[in-house]
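please work out how this folds:
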Amino acid sequence: MPQYSKTELRAIYDRTSGYCHLCGEKMAFTNYGQHGERGAWEIEHSNPKARGGTDRANNLYAACIDCNRSKGDGSTRSVRQGNGLRRAPLSRQAVADKKAANTAVGGGLGLVVGAMAGGPVGAAVGAVIGGAIGNSIRPK
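Sure thing, here's the model as predicted:
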């Protein structure tokens, strides 16, 4: 089993914002490899090495120890589907980018609706409210 530096572990963990990419449960960074601890996790090969997967960064994900071991050399897609997921959780940066986009869209819609309902003051109020609503939506 390869040894990973703290920097490599952090990059793999942050790739899904600290959520298991198979079941979506929150993990604890400090519990890497600590089987039996709350939020314990290990590195999982999305394409299993037994099926030709590599140790390249784009194949490595953080997963709950139980999820990783029960997956074995099975399909990531089937395990995620069994847990009601269609894709891996987003990274922190992707979440921030989507929240910014939601804020902009919400603000723009609020501006238009507010302008139709109450002129310039309504437009300003609508933009603020729409932006706040857009920002409050957590992307999945």
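
from here on, just use CA atoms for contacts and neighbour counts.
Fine.

next, the residue lying farthest from the centre of the chain: phi, psi?
The outermost residue of the chain, judged against the average C-alpha position, is residue 119 (39.6 Å), by CA atoms, centre = their mean. Here is the backbone geometry of residue 119 (degrees, to the nearest 10): phi 60, psi -150.

state the distance from it to residue 133.
With distances taken as CA to CA, to the nearest Å, residue 119 is found 21 Å from residue 133.

how far off centre is the lowest-mean-pLDDT helix or strand in the chain?
Across the helices and strands of the chain, mean confidence by mean pLDDT, DSSP states H and E is lowest for helix 92-136: a mean of 82. Using CA atoms, centre = their mean, to the nearest Å, the distance from the centre of helix 92-136 to the centre of the chain it belongs to is 24 Å.

and what of stretch 44-51?
The answer for stretch 44-51 is 20 Å, by CA atoms, centre = their mean.

mind listing residues that contact it?
With CA atoms under 8 Å, 6 or more residues apart in numbering as the test, stretch 44-51 has contacts from 53-55, 59-63, 68, 72-76.

okay if I get those as JSON lines plus secondary structure, neighbour count and distance to residue 111?
Output for the contacts of stretch 44-51, formatted as JSON lines (DSSP: H, G, I helix; E, B strand; the rest coil; neighbours: other CA atoms under 10 Å; distance: CA to CA, whole Å):
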{"residue": "53", "secondary structure": "coil", "neighbour count": "14", "distance to residue 111": "49"}
{"residue": "54", "secondary structure": "coil", "neighbour count": "15", "distance to residue 111": "49"}
{"residue": "55", "secondary structure": "coil", "neighbour count": "13", "distance to residue 111": "49"}
{"residue": "59", "secondary structure": "helix", "neighbour count": "16", "distance to residue 111": "43"}
{"residue": "60", "secondary structure": "strand", "neighbour count": "22", "distance to residue 111": "43"}
{"residue": "61", "secondary structure": "strand", "neighbour count": "26", "distance to residue 111": "41"}
{"residue": "62", "secondary structure": "strand", "neighbour count": "31", "distance to residue 111": "41"}
{"residue": "63", "secondary structure": "strand", "neighbour count": "31", "distance to residue 111": "42"}
{"residue": "68", "secondary structure": "helix", "neighbour count": "25", "distance to residue 111": "47"}
{"residue": "72", "secondary structure": "coil", "neighbour count": "13", "distance to residue 111": "51"}
{"residue": "73", "secondary structure": "coil", "neighbour count": "16", "distance to residue 111": "51"}
{"residue": "74", "secondary structure": "coil", "neighbour count": "15", "distance to residue 111": "49"}
{"residue": "75", "secondary structure": "coil", "neighbour count": "13", "distance to residue 111": "46"}
{"residue": "76", "secondary structure": "helix", "neighbour count": "21", "distance to residue 111": "43"}
